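1. Dropping a prediction and its sequence here:
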Amino acid sequence: MQKPSNARGTRDFGPKEMVKRNFVFSIIKKHFERFGFQNIETPSIENLSTLMGKYGDEGDQLLFKILNSGDFLKDVSPNDIELGFKNFSQKIVEKGLRYDLTVPFARFVSMNRSELAFPFKRYQIQPVWRADRPQKGRYREFYQCDADIVGSDSLINEAELISLFQSIFSELNLNAQLLINSRKVLTGIVDALGMIDKFTSFAIALDKLDKVGWDVVQNELLEQGFELDKLNKLKGIIEFEGTNDQKVANLKSFLADSEIGLAGLKEIEDVLSFSVDQTNIIFDVKLARGLSYYTGLIFEGKAVDLAFGSIVGGGRYDNLTTSFGLPNMSGVGISFGIERIIDVMDTLKLLPSVDSSACQVLFTYFDLEGQLKCLSLANSLRSNGISCEVYPDMTKIKKSFEYADKKGIRFVAVIGSEEIKSGLISLKDMISGTQEELNLLELSQKLS
RNA sequence: GCGGUUGUAGCUCAGUUGGUUAGAGUAGGCGUUUGUGGUGCGCUUGGUCGUGGGUUCGAGUCCCAUCAUCCGCCCCA
């Protein structure tokens, strides 16, 4: 017999974990709906043609691919194998597991364009898979919780997502801040530096500023051909500390000659002006974010009390559905990294440990007569909306008390010959240790 | 994809320079005299020491490979 184990980077969730997970899931879901987002689901499996090329070369490598069923080698010639695995795999693999929820959503919107009411607001809470190397806060199977709005380019949407972020973390009681920036501001900065064609390398270098420090970033940019005096000026801008409004004002002169940069600043200003509550919203010029499809505002959420990487990500994308044959469909979305939120909250002891789903009462008995009585009493209580279970085995009564204790069931109802004779139920409160005799009506009232 | 760490009972870990039948705590089971749990006491079930090779008279201990884990890098939630 082989030792059982989980596949790499995957986890089981027992009852205790599920209590914690459901707590977070239910709050997120509630707020999604409160903001008018509608739930959809898409299949775990997508055609590889839907997924490939959407996440860059790195992303393509991290896709889990599904071997074709049946005789998957029947169309493969020795020549295909000689051409290398990329060519070869195209012949034997046609499907893959979804890598995120955004691309399947784009496919969905494109396919259902005539039936959807635009602007379309949807939320989706489903697992995604990445053939990544597992690490702290990084798994191969994990849930994403996405809320997106497509078919509207109003900045109200951005502001609403920010508001959604605030209300979710407020109810979760987790202190989190949202960094915001605009791809246009970043483009403007590169423009002002006179290196507009080096946008990507600039963004990548800037994104790791917090980790490696300015000197490393500067050296990297100098190697790329950026000019030192301009970088020095940029350094002052980036290290400037102040309110969001002050930061915007400070950037205005730097971006004075860049039309796109000023447009980006205007976006930031507008979104902030739409945000009634600017608590924990921070305009951060350093924020770049990897995924290439963002075109406008971008944001990233972090826990304040624990360094754990980002727990929320999102931004505006203008061309997501273009490759599915639907151009000009601007959208903006936010993704809550629920696995990391759970990890963070667990570390900070902010999650419930008591199983609120435990039954209210456990029935126990000594003989067949008591057993039947318990079953009938249990059904009466259930029809009154009281959750209860009947201990299934006729062993020592002690076992059923231990069972109730372990499972967090508060009351144990004992039905023996005395109870059957008197028609009363002996009810023990496992917390106080007291016991009382009640009839069915009294029991029902006590527990409802 | 790259670098490092760790892998002994269900769980947390001991195990001395290689040396007899591999230990502890905890969890589980049974009991502690009749129909009552959470703390006590007694007894007890669990391990081909991650897996596969190798060195040796002898390997949990040394070497190689492999799988998994955790931590960095890349990237990301």
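-> All right, it came through fine.
2. Now do the contacts for A:Glu267.
-> For A:Glu267, the contact set (C-beta atoms under 8 Å, 6 or more residues apart in numbering) comprises A:Leu155, A:Glu158, A:Ser182, A:Lys184, A:Gly296, A:Leu297. (C-beta placed from N, C-alpha, C; glycine too.)
3. Buried ones only from those residues, please, as a ChimeraX command.
-> In ChimeraX, selecting the buried portion of the contacts of A:Glu267, with burial taken from 16 or more other C-beta atoms under 10 Å, looks like this:
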select /A:155,158,182,184,296,297
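4. Closest to RNA strand B out of the contacts of A:Glu267?
-> Taking C-beta to the nearest atom of the strand as the measure, RNA strand B lies nearest A:Leu297 of the contacts of A:Glu267, at 15.1 Å.
5. My read is that that closest one contacts A:Leu179, right?
-> No: counting by C-beta atoms under 8 Å, A:Leu179 is not a contact partner of A:Leu297; they are 11.2 Å apart.
6. ok, back up a step: please list which of the contacts of A:Glu267 are also close to RNA strand B.
-> Intersecting the contacts of A:Glu267 with the surroundings of RNA strand B, defined as C-beta under 7 Å from any atom of the strand, gives nothing.
7. Among the contacts of A:Glu267, which lie within strands?
-> Residues of the contacts of A:Glu267 located in strands (DSSP state E): A:Ser182, A:Leu297.
8. Now pLDDT too, for the contacts of A:Glu267, in CSV please.
-> Supplementary listing: the contacts of A:Glu267 in CSV, determined by pLDDT from 0 to 100:
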residue, pLDDT
A:Leu155, 94
A:Glu158, 95
A:Ser182, 92
A:Lys184, 91
A:Gly296, 90
A:Leu297, 92
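9. which stretches of the stretch 301-448 of chain A form helices?
-> If you assign secondary structure with DSSP state H, counting those that start in this stretch, the helices in the stretch 301-448 of chain A sit at A:338-347, A:368-383, A:397-407, A:417-422, A:440-447.
10. Give the other helices and strands that the shortest one contacts.
-> Taking 3 or more C-beta pairs under 8 Å, 6 or more residues apart in numbering; DSSP states H and E as the contact definition, the neighbouring helices and strands of helix A:417-422 are helix A:368-383, strand A:425-429.
11. low pLDDT regions in the stretch 251-400 of chain A?
-> For the stretch 251-400 of chain A, the stretches with pLDDT under 70 are A:290-292, A:354-355.
12. Show me which residues of it sit near RNA strand B.
-> Residues of the stretch 251-400 of chain A found near RNA strand B, taking C-beta under 7 Å from any atom of the strand as the criterion, are A:289-291, A:309-313, A:335, A:337, A:339-340, A:366, A:395-399.
13. Quick check on the residues you listed: which are buried?
-> A:Arg289, A:Leu291, A:Ser310, A:Ile311, A:Val312, A:Gly313, A:Ser335, A:Gly337, A:Glu339, A:Arg340.
14. circling back: tell me which of the helices of the stretch 301-448 of chain A is the most buried.
-> helix A:338-347 (a mean of 20; mean count of other C-beta atoms under 10 Å).
15. ok so, going back, and of the helices of the stretch 301-448 of chain A, who's closest to A:Ser5?
-> helix A:338-347 (20.1 Å; C-beta to C-beta).
16. outside of that closest one, which residues touch it?
-> Under the contact criterion C-beta under 8 Å, 6+ apart, helix A:338-347 has outside partners A:20-21, A:24-25, A:28, A:125, A:136-137, A:139, A:142-145, A:172, A:174, A:303, A:306, A:308-311, A:351.
17. Which one of the residues in the stretch 1-150 of chain A is closest to RNA strand B?
-> Across the stretch 1-150 of chain A, the shortest distance to RNA strand B (C-beta to the nearest atom of the strand) belongs to A:Lys136, at 2.5 Å.
18. Among the contacts of helix A:338-347, name the ones in strands.
-> Secondary structure assignment (DSSP E) places A:Ile125, A:Phe142, A:Tyr143, A:Gln144, A:Cys145, A:Ala303, A:Ser310, A:Ile311 from those within strands.
19. any idea of the pLDDT on the residue lying closest to A:Lys208 once chain neighbours are set aside?
-> Excluding the flanking residues, the one nearest A:Lys208 by C-beta to C-beta, 6 or more residues apart in numbering is A:Val217, at 7.1 Å. At A:Val217, the predicted lDDT confidence score is 83.
20. To which secondary structure element is A:Val217 assigned?
-> With the criterion set as DSSP states H and E, the secondary-structure element containing A:Val217 is helix A:214-223.
21. That helix and RNA strand B in contact?
-> No: Helix A:214-223 does not reach RNA strand B (C-beta under 7 Å from any atom of the strand); its nearest approach is 9.5 Å.
22. Output whichever helix or strand comes after that helix as CSV, nothing but the C-alphas.
-> Moving toward the C-terminus from helix A:214-223, the first helix or strand encountered (DSSP H and E) is helix A:228-239. What follows is helix A:228-239 as a C-alpha-only set of coordinates in CSV (Å, rounded to 0.1, in the frame of the first residue of the first chain):
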residue,chain,number,x,y,z
LEU,A,228,21.2,60.1,-14.9
ASP,A,229,20.0,63.7,-14.4
LYS,A,230,16.5,62.8,-15.4
LEU,A,231,16.5,59.8,-13.1
ASN,A,232,17.6,62.0,-10.3
LYS,A,233,14.6,64.2,-10.9
LEU,A,234,12.4,61.1,-10.9
LYS,A,235,13.9,59.9,-7.6
GLY,A,236,12.7,63.1,-5.9
ILE,A,237,9.2,62.5,-7.3
ILE,A,238,9.0,58.9,-6.2
GLU,A,239,10.4,59.5,-2.7
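23. So which elements touch whatever helix or strand comes next after helix A:228-239?
-> Per DSSP H and E, helix A:228-239 leads on to helix A:244-254 as the next helix or strand towards the C-terminus. Helix A:244-254 sits against helix A:183-192, helix A:228-239, helix A:259-274, strand A:281-283, with contacts defined as 3+ C-beta pairs under 8 Å, 6+ apart.
24. winner for burial among those?
-> helix A:183-192 (a mean of 24).
25. Now do that one: which elements does it pack against?
-> Using 3+ C-beta pairs under 8 Å, 6+ apart as the test, helix A:183-192 ends up in contact with helix A:199-207, helix A:244-254, helix A:259-274.
26. Okay, angle between it and helix A:259-274 too, please.
-> Orientation of helix A:183-192 against helix A:259-274 (axes from the mean of the first three to the mean of the last three C-alpha atoms, to 10 degrees) gives an angle of 150 degrees.
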